[in-house]
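Q: structure for this input, please:
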Amino acid sequence: MVRAGRTLIDIDEELNAALQEGVERKKRALALARLAARADAGDFDLLLDKENILRRPTVLSGRKSLAED
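A: Reported below is the predicted structural model:
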């Protein structure tokens, strides 16, 4: 619907705002897809391995790990 009194500048500004919103939505969707792919690849499994890390002896200090005490 075309309103009376709208200039080409008004139409251009509205179009640019709509395009920018579309670009932002696409960026968010791509970021979520990248996170999902990283999760599927196991990039966040370090948190699950925390127990194994605590069981290893500390190499630099020669002390036992916290789990061995």
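
Q: CA only for contacts and neighbour counts going forward, please
A: OK.

Q: tally of neighbours for Ala37?
A: Counted by other C-alpha atoms under 10 Å, the residues lying close to Ala37 total 12.

Q: then Leu35?
A: 14.

Q: avg pLDDT for whichever helix or strand it is part of?
A: Taking DSSP states H and E as the criterion, the element that holds Leu35 is helix 8-41. Helix 8-41 carries an average pLDDT of 96.

Q: now do the buried residues in that helix.
A: By neighbour count on 16 or more other C-alpha atoms under 10 Å, the buried set for helix 8-41 is empty.

Q: show me the residues around Phe44 that make contact.
A: Counting by C-alpha atoms under 8 Å, 6 or more residues apart in numbering, Phe44 touches Arg38.

Q: need the pLDDT of it.
A: For Phe44, the pLDDT comes out at 78.

Q: for it, phi and psi?
A: phi -110, psi 10 (degrees, to the nearest 10).

Q: tell me how far it lies from Lys27.
A: 22 Å (C-alpha to C-alpha, to the nearest Å).

Q: follow-up on the earlier one: tell me what the helix holding Leu35 is packed against?
A: Helices and strands touching helix 8-41, by 3 or more C-alpha pairs under 8 Å, 6 or more residues apart in numbering; DSSP states H and E: there are none.

Q: for Tyr42, phi and psi?
A: Let me fix one detail, which is that residue 42 is Gly and not Tyr. Dihedral angles (degrees, to the nearest 10) for Gly42: phi 90, psi 20.

Q: Leu35 versus that one, what's the distance?
A: The value you get for Gly42 to Leu35, if C-alpha to C-alpha is used, is 11 Å.
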